[in-house]
Each structure stands twice: as structure tokens, then as C-alpha cells.
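Student: Sequence and predicted structure, then a few things I'm wondering about:
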Amino acid sequence: MSDYRFCPRCATPLVERTDPEHEGGRVRQTCPDETCGYVHWNNPLPVVAAIVEYEGKILLARNAAWPEGMFALITGFLENGETPEEGIAREVREETSLQAETVELVGVYEFIKKNELIIAYHVRAYGTIALSPELLEYRLVEPAKLRPWRAGTGQALGEWMRRRGLPFEFVERPGQ
């Protein structure tokens, strides 16, 4: 379950409830105050991810919170009122200062471990790379030398490589 203990609407302590008739028997956190009726659905969050192609290479970046040597795709959350395509173009711009020239859907992938649904794109970008404070460093990798990881955005990278006829093997975590 989630970390919610109190109703975000009325501050009443939440209780767990199962409604086999309407929710397939799933346990949900709910507000017992019938006038409130809040239900915490705990649905997956949509996340956008970019396989950023820059000058013929793929840009991988290391988040400031990650261990040294761990590089992955540019990712982020959608903002209210934007399409996934607009969201990934914005994330690429915010995190790398690059402009999206083209944005093509690669696919949609589950990331159950983080309760996320990843919408992945191939983004051809141009400009001068300048990383946001969120990112510590980046690498530009020849597409044939990429090593996709088994979870999350790595699945998208593997699919992108497969479609281009590039041989690859999955590794356990980004940057290996």
C-alpha cells in the first residue's frame, strides 16, 4: 500500500477496504467518513522517457542521486495540460538545454517496482548540451555500443535498438 495514513481531504485516519464487487477485490485505502468518500487508488504515474539522439549518438545522463557510473535516459513527469510529446520535449530542454527536432513514440512500458507507466520516445535533438542541477554528467554513446538494462526505460532502449537491427544484450542496471 501507500504511505498515506490520513485522508488528504478531511484528515480522518484512512482504513483499508476491499470491494470485490466494484474493484476486483483490491485493497484500497479509504476515508471512513461517508460524507468525504475519498479513495486512494494508488494508480501508476505516467512518466515520459527520451532516447535522445544528438549528433548521431545517444545521450545518457547520471542523476545527482545515483551512484557513480550509473547512466540512463532522460525522464520526467508530465505537467498538467501537456501531451506526452510536449512533456518529453520540455524535459529534454529542461534537463539538457537541447531542443527536440523530432519526437517519435517507441512504446509504453510498465515499471511496477516504482508504480510507474513509462511512455518512451526517440527524440532527435539539437543545440548545446548544458545539464540541469538534477544531472551530474552525461555520456554520448554510439547506438551500437548501448547496453540496455532489464527494467523500466531499459526495455524501451532495447526495443529501439531491435527495430534498428542493432545487436544487444540486457545488463542488470543502467551504466553497466
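Tutor: In hand now; what should we look at?
Student: what's the longest strand in this protein?
Tutor: Of all segments of type strand in the chain, defined using DSSP state E, the longest is strand 99-111.
Student: which ones are touching the residue most central in space within the chain?
Tutor: Nearest to the mean C-alpha position of the chain, by C-alpha atoms, centre = their mean, lies V47 at 3.6 Å. Shown in contact with V47 (C-beta atoms under 8 Å, 6 or more residues apart in numbering): 75-77, 111, 116-119. All C-beta spots, glycine's among them, are computed from the backbone N, C-alpha and C.
Student: now swap in L78 and tell me
Tutor: 46, 48, 84, 87.
Student: Number of residues surrounding S97?
Tutor: As a burial measure, S97 scores 14 neighbours (other C-beta atoms under 10 Å).
Student: wait, I meant Y138
Tutor: That count, for Y138 with other C-beta under 10 Å as the rule, works out to 18.
Student: wait, isn't it in contact with S132?
Tutor: No - under the criterion of C-beta atoms under 8 Å, Y138 is not in contact with S132, lying 10.9 Å apart.
Student: any shared contact partners between those two?
Tutor: T96.
Student: Distance of H122 relative to P133?
Tutor: Applying C-beta to C-beta, to the nearest Å, the value for H122 to P133 is 26 Å.
Student: correction: L117
Tutor: From L117 across to P133, the span is 27 Å (C-beta to C-beta).
Student: hang on, the earlier thing: am I right that the residue nearest to the centre of the chain falls within a strand?
Tutor: Yes - counting by DSSP: H, G, I helix; E, B strand; the rest coil, V47 is part of a strand.
Student: Now, of the contacts of V47, which are buried?
Tutor: 75-76, 111, 116, 118-119 (16 or more other C-beta atoms under 10 Å).
Student: CSV for those, including pLDDT, distance to V27 and secondary structure?
Tutor: Output for those, formatted as CSV (pLDDT from 0 to 100; distance: C-beta to C-beta, whole Å; DSSP: H, G, I helix; E, B strand; the rest coil):
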residue, pLDDT, distance to V27, secondary structure
T75, 96, 29, strand
G76, 95, 30, strand
F111, 87, 21, strand
E116, 91, 20, strand
I118, 96, 25, strand
I119, 97, 28, strand
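Student: Not counting its neighbours along the chain, what's nearest R93?
Tutor: With sequence-adjacent residues excluded and distances taken as C-beta to C-beta, 6 or more residues apart in numbering, R93 is closest to Q99, at 6.4 Å.
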